[in-house]
Each structure stands twice: as C-alpha cells, then as structure tokens.
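Asker: my questions are about this predicted structure, shown below with the sequence.
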Amino acid sequence: MATLPIVQYEDKIIETVENNSITVIIGETGSGKSTQLSQMLHRRGYSKIAVTQPRRVAAVSVSRYLTDGVLLRESLADPELNDYSVIILDEAHERSLNTDILMGLMKRLVKHRSSNLKVLITSATLDGDKVSKFFRDCPVLNIPGKLYPVEILYSKERPVSYLDAALKTALDIHVRQPEGDILIFMTGQDDIEKLVSKLEDKVRALDEGSCMDAIIIPLHGSLPPELQVRVFSPPPPNCRRIIVATNIAETSLTVDGVVYVIDSGYVKQRQYNPSSRMYSLDVIQISKVQANQRSGRAGRTRPGKCYRLYPSQIYHDEFLDVTVPEIQRSSLAGSVLYLKSLDLPDIDILKFDFLDSPSSESLQDALKQLYLIDAIDENGAITSIGRKMAELPLEPSLSRTLMEANNYGCITEALTVAAMLSTESALLPGKSKTEKKRKRPISSLPDGSGLGDHIQLLQIYERWHQTDYDIGWCKDHGLQVRGMTFARDVRKQLSQIMQKIAKEPLDIKENGKGEEFRRDYRNLRKALCVGYANQLAERKMHHNGYRTLGLQGQVVQVHPSSALSSDEHGKFPDYVVYHELIATPRPFMRNVCSVEMKWVIPIINKLNTLNVKKLSGGGVMDHVEEESERSIPDLPKKNVEVAAATDDSESRIQAARERFLARKANK
DNA sequence: GAGCACTGC
C-alpha cells in the first residue's frame, strides 16, 4: 500500500501539537488524515485519543471513534472530558450542528481544563484561516491530499435545464472519452429518476458497437441499502457506469472508479426560519467547498475531469465560500437546552462563542420554546425538568413528552412515539412522482384510530412488535426496514436513559397491550400536549384550516398524508399539536395529534406570561424589540378559570370556547 | 390532497 502523504509530515505535526493546544489541519478528504493522525499521536505517547466525526464510521483501534453527538453526551457527564488527552474533530468543514457546538466548547475547554488537552481540527480547504482566527490564530498545517489532478470545465452559461445539460454532457463523455465511470450530482430522487430513464433511452438508442456499454445507477438516501451498495461492485469489462447521485456521494459514500464528474451546481437543503418556525426544503446553489468536494471525486484513482454545468464567473461571484452552517439553519431549542444544562460559568447563552453565531432571533425563538415546555423558567434558568430533558438525545418537545408520560403511566407508549418520530421520514418508502402506486395499500396498516399520526406511529410499531419484529412484515406493508430497526434501537436506548434519569425503577414494558382498538390514548395525548406546548394549533371556526398559537399565528393546514380524521360533519378536532411546520408552496403541519381544549388552556395562560427580555437574561440583548405575542388568544381570566375548573362537562367547555372564539373574532 | 437532501441516538 502506498504511503499516505500525511506520514511525511509526522515530525512537523507532532512538533506543532506539542507546542500548541489547538491545531488546524487542512487536508483533502481521503488523505487518510484522521486514522493516520491518531496512529501517529499514539506512537508519540499520546493515549486516550477521541476522534469525532459528523457520521458514524468504523472504529480504529488506537483511538475512540465517536460521533460529534456522542462526545457532546459524554461531556454532559464529564464536562472536562478528562477521559481524553487528545480530541480530534474530523471533517469540521461540514459544519454540522454538533461540530459547531463542540468547537465552541473546545475553545473554552483548552482554557479552563486543569489537565493538558490537545485539540486537532481537520478540515477541507478554504475555511482554514477562519477556523484558525476563531481559535486565536492557532497554527494551520496544510497536508496535500493524494488526489490526482482534476481538470475543471465550465459551461459557457447556465443551462435552462440542468437535467438536459447533464444528459447531454454525460452522453458526450460516454461517446467520446476514454473509459472511466461518470458521477453526476443532481438534487433529489425525482431528478435522478428522470435523468436515469432519459439516459437509459439514449444509451439504448446508440448504435451497437459504436462505443462501450453503459449501466446507469441511481444513488440516493431513500434507496434500500441493497441497492445503494451496487455502486461498490465494479462494472463488467468494457462497460462504463454512469452514477446519478445526490450529495450522498459528496461525503457519505465514496464511489471508486469515477473519472468524470458532472456537477449541476445545486443541492437540496433543509432550512429553518425562526420567525415562522417553519422548515423548508429548498434547491439552492452549492458552496465553493461543495463544488470542490464534488470535483475531487473525479481524481481518486487517476487524473479526471469535472464538468461544471455553470460558468466560472458564477462559481467565483455567486457561490458562497462555505456551506451555511447547520447551526444557522436549524431550530436551536435542543442545542440551547444542552448548553444551559452544562452550567457554564459566566456565560450568557446568547453570547456563546460560536464560530458562526446563529441569529439572535433564532436563539430567542429557542428560549421561548424552552420556556413553554418548562425546560427553563421565566428568567431563562434551566429547571430540574429541563436538566433531565437535556439527558435525552431528542428534540425538547419529545423529551418533555417523555417526562410527562412518566407521570401519567404511559411511558411505554411515549417511548415508542419518540423513537418512531426520530426516524419519521425514513419510515415510509420513497414514493416519487415517476413511480407508480404503492404496491400494498397503506390501509392494511393501523390508522391511528383517527387521533392522528403520533398514535398511528405507535400502533404501527406495536403491530410490528406483535410479529416479533418480523422484517418480512415491514416489507409486506411498505415500511422501510432500516427505519423500523432504527426506531427499535432508539427506543431501547431511550428507555435505558429514562431508567437512569428516574430515581425509582420505571414500569417500562417492551410494548403496550396491543389492544389498539377502543383505546383513546388520553394519557398519551395529554402528555403530548404538554410536550408540544410550543407547537399547538387551533382550528379556525368554519373550516378545516388551523392557526398556530403563539407568534404571529400562522394559518396552516393538516398535511394531506396525515392519519388525523374528521368527525361526522367533516370537521377536524378543535386543537392539535404538531411535530413540525413545513413550508412547501402551502404551509402544512406534519405529524399531528388531536388534543383537548381543557389541556390547552393552561398553555394559553403561560403564553400570555411570556417575556422575551426576561428569558434572555434581562436586557442583555441590545436590540431586542419589544416582542408582542398578540395572536395569542387573549382569553379573559374569568373564562379560563371556569373552563379549567370544569371537569368533563362538555357543554360548559363548549360555552367557554365560544366566548373565547367570539373574543378572537372581535379583534 | 401533496412530496421526502443528509445523518442518527
């Protein structure tokens, strides 16, 4: 095996690490740097090395490989991370949410920790200087990769359709260029399927013997693993592979034999808008780092070529240098709760030293959400419930639901719901526009008893449990095996953590009684209502649209895929909680659960007491505008008490509700 | 009555 270039730099690296607490190492992915680094440090007497990555990778003997998330969890139990003398943050250029938080923590830790700590940060090119500046001008070492040169070819102008441009370019390469596989970067399953079918038609139409054969291979995350691994088998002789992929082939999967890369210049990216609390999935231009990562895929085995379907001027002028870090496009409730739970002295969360700070709006949004679910008090201090919630690797709403479910005796069910929601999108099979109808009707699965998606997810899992976790059953019902087994693993882990948090042993059964019919799931739904106090919506008076409670009160619809059913008048329930808001051309609530008005009232009262200034540390924020939560129903106190005190008298509640709606209508 | 990049604990 050829010597990896990094070894030539061993002395220099060791010298730098010995003289500095933090070192940035810049090297192309595939330079073998993370494994080599830990081995070389080990040789020089450093033991207790942690290597963390955004994704799971196979373990390497001399060091602990961890994910960023695992190291964050460990730092909860041991804030000084005394188990480690060296921490290597690998692939920092990917800027995952957890990597960014770790970088902030590392900066503090090297200053505060009593015993010596060495931190190495490895990153691809372009953003090294910035990282160095963040760590007080720490040294930067450049390690050349073992990549072969890649010739970059730009288009003269932006194509009208990058799908057609990719098609034409791929055929051109196939007919004219010497052997070597082609890797095409597209944005999603839909694009990929269209391009694959066009390519198949065109390749079939080529004159026999005019050029070599070609096989077209789609590659994206929702393909079952057995189809994904196809890219690892080499092509038959005299045959070229054309792989049409999402950015899964940018970092997660390395395809050997690629000599030509075609880069559409686009990627699909999920973003969070803190002012509307909505997620959207948008097609956006890639960054320069991503473009170079993509072209690098052509030079792994021999010199290659990268065809960029955009002009060089666009690359230089329009592409961002680096991908917008996840921390600037996610909801931060979980991260803020995590940081609060660390009890960092002299640190205001809003002033936490991030490499790239999230907006103050986003941080305030997180604080408001945490307050509504009792994780922090009105002064922004973490509560005892919040402390327990932070132990769970879940979104705060789900952690809070688990806490509450524990009191209501439905922890068994709540664990299942939390686990199923963690895998959520991976659950149902990818079904694209080009694909035909589902093989098996979804109706053969439980329907959530009309109460919504959380309940349906629970019932599906319970049904699966009854089959003794039969893989065949998943396949028969169109459920992704990967998603279901992941849910099972998560559930197991969550129940272990819950057992640890609770002082007394919990009554967690492996599953519910399975009598899903006639169950009204009241306790579970009540727990969900408390957990999702920040994600509540009220149905509008005369139709099935909803208005979210809090903030500007967005008008949203129940997502058409929902299991929630309407009553005999075609009406949805008056109140629901939702797992997330998604901004497609129309805004939808995805994963909803029916809740009752009398559970909602205390939450509305709490919404009325919300004071952002106090939450964010009493005027520490310089530019906080007086925020009004005006769309919160201004329920007169008298009515609230009447309704809350009334037990199950539906008519009284109805009366209170009518007064409440009338008041809203007058505003 | 619409749509799902990626990962993962």
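Answerer: Great, that's in hand.

Asker: how about the residues of the stretch 1-150 of chain A by DNA strand B?
Answerer: Neighbours of DNA strand B within the stretch 1-150 of chain A, by C-beta under 7 Å from any atom of the strand: A:53-56, A:67, A:69-70. Heads up, the C-betas are built off the backbone N, CA and C, glycines and all.

Asker: how many neighbours does whichever residue of the stretch 451-600 of chain A sits closest to DNA strand B have?
Answerer: Nearest residue of the stretch 451-600 of chain A to DNA strand B (C-beta to the nearest atom of the strand) works out as residue A:584 at 2.6 Å. Neighbour count for residue A:584, taken as other C-beta atoms under 10 Å: 11.

Asker: need the contact list for it.
Answerer: Shown in contact with residue A:584 (C-beta atoms under 8 Å, 6 or more residues apart in numbering): residue A:280.

Asker: gap between whichever residue of the stretch 1-150 of chain A sits closest to DNA strand B and residue A:536?
Answerer: Of all residues in the stretch 1-150 of chain A, residue A:55 sits closest to DNA strand B, at 2.9 Å by C-beta to the nearest atom of the strand. Counting by C-beta to C-beta, to the nearest Å, the gap between residue A:55 and residue A:536 amounts to 34 Å.

Asker: cool, residue A:496 as well?
Answerer: Distance, residue A:496 to residue A:536, using C-beta to C-beta: 30 Å.

Asker: can you pull out the low-pLDDT segments for chain A?
Answerer: The model of chain A has pLDDT under 70 over residues A:1-5, A:28-32, A:57-62, A:125-127, A:346-347, A:424-443, A:505, A:511-518, A:551, A:617-667.

Asker: how's it carved up into domains?
Answerer: By the assignment in automatic domain parsing, chain A contains the domains A:5-143, A:150-327, A:331-353+A:367-385, A:391-430+A:441-531, A:535-617+A:628-666.

Asker: doesn't residue A:102 belong to a helix?
Answerer: Yes. Residue A:102 forms part of a helix when assessed by DSSP: H, G, I helix; E, B strand; the rest coil.

Asker: wouldn't it be in contact with residue A:52 here?
Answerer: Yes. Shown here, residue A:102 and residue A:52 form a contact pair, counting by C-beta atoms under 8 Å, at 6.9 Å.

Asker: hey, what's in contact with both of the two?
Answerer: A:68, A:71, A:89.

Asker: take those and keep only those in helices.
Answerer: Taking DSSP state H, the ones among these that sit in helices are A:68, A:71.

Asker: who wins for neighbours among the shared contacts of residue A:102 and residue A:52?
Answerer: Most crowded among the shared contacts of residue A:102 and residue A:52, counting by other C-beta under 10 Å, is residue A:89 at 26 neighbours.

Asker: list the contacts of the nearest residue to that one once chain neighbours are set aside.
Answerer: Among residues not flanking residue A:89 along the chain, residue A:121 sits closest, at 4.8 Å (C-beta to C-beta, 6 or more residues apart in numbering). Contact partners of residue A:121, counting by C-beta under 8 Å, 6+ apart, are A:22-25, A:88-89, A:92, A:103, A:106, A:131, A:135.

Asker: reformat those residues as a markdown table; add secondary structure.
Answerer: Shown next, in a markdown table, are the contacts of residue A:121 (three-state DSSP):
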| residue | secondary structure |
| --- | --- |
| A:22 | strand |
| A:23 | strand |
| A:24 | strand |
| A:25 | strand |
| A:88 | strand |
| A:89 | strand |
| A:92 | helix |
| A:103 | helix |
| A:106 | helix |
| A:131 | helix |
| A:135 | coil |
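
Asker: for those, which one is nearest residue A:82?
Answerer: residue A:106 (14.3 Å; C-beta to C-beta).

Asker: residues contacting the closest one?
Answerer: Contacts of residue A:106 (C-beta under 8 Å, 6+ apart): A:22, A:87, A:89, A:119, A:121.

Asker: now with 6 Å, please.
Answerer: residue A:119 (C-beta atoms under 6 Å, 6 or more residues apart in numbering).

Asker: how far away from the center of its chain is the longest helix along chain A?
Answerer: Counting residues, the longest helix found in chain A (DSSP H) is helix A:481-501. Distance, stretch centre to chain centre, for helix A:481-501: 18 Å (C-alpha atoms, centre = their mean, to the nearest Å).

Asker: that helix vs DNA strand B: in contact?
Answerer: Yes. Helix A:481-501 reaches DNA strand B (C-beta under 7 Å from any atom of the strand) through A:483, A:486, A:489-490, A:493.

Asker: just checking, what packs against that helix?
Answerer: Helices and strands touching helix A:481-501, by 3 or more C-beta pairs under 6 Å, 6 or more residues apart in numbering; DSSP states H and E, are helix A:411-423, helix A:471-476.

Asker: make CSV out of the ones you listed and add distance to residue A:600 and mean neighbour count.
Answerer: Below are the helices and strands packed on helix A:481-501 laid out as CSV (distance: least, C-beta to C-beta, whole Å; neighbours: other C-beta atoms under 10 Å):
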stretch, distance to residue A:600, mean neighbour count
helix A:411-423, 19, 25
helix A:471-476, 36, 14
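
Asker: closest one to residue A:41 among these?
Answerer: So among the helices and strands packed on helix A:481-501, helix A:411-423 is nearest, using C-beta to C-beta, at 34.7 Å.

Asker: helix/strand/coil for the residue of chain A most remote from its centre?
Answerer: Residue farthest from the centre of chain A, counting by C-alpha atoms, centre = their mean, is residue A:209 at 47.1 Å. With three-state DSSP as the basis, residue A:209 sits in coil.
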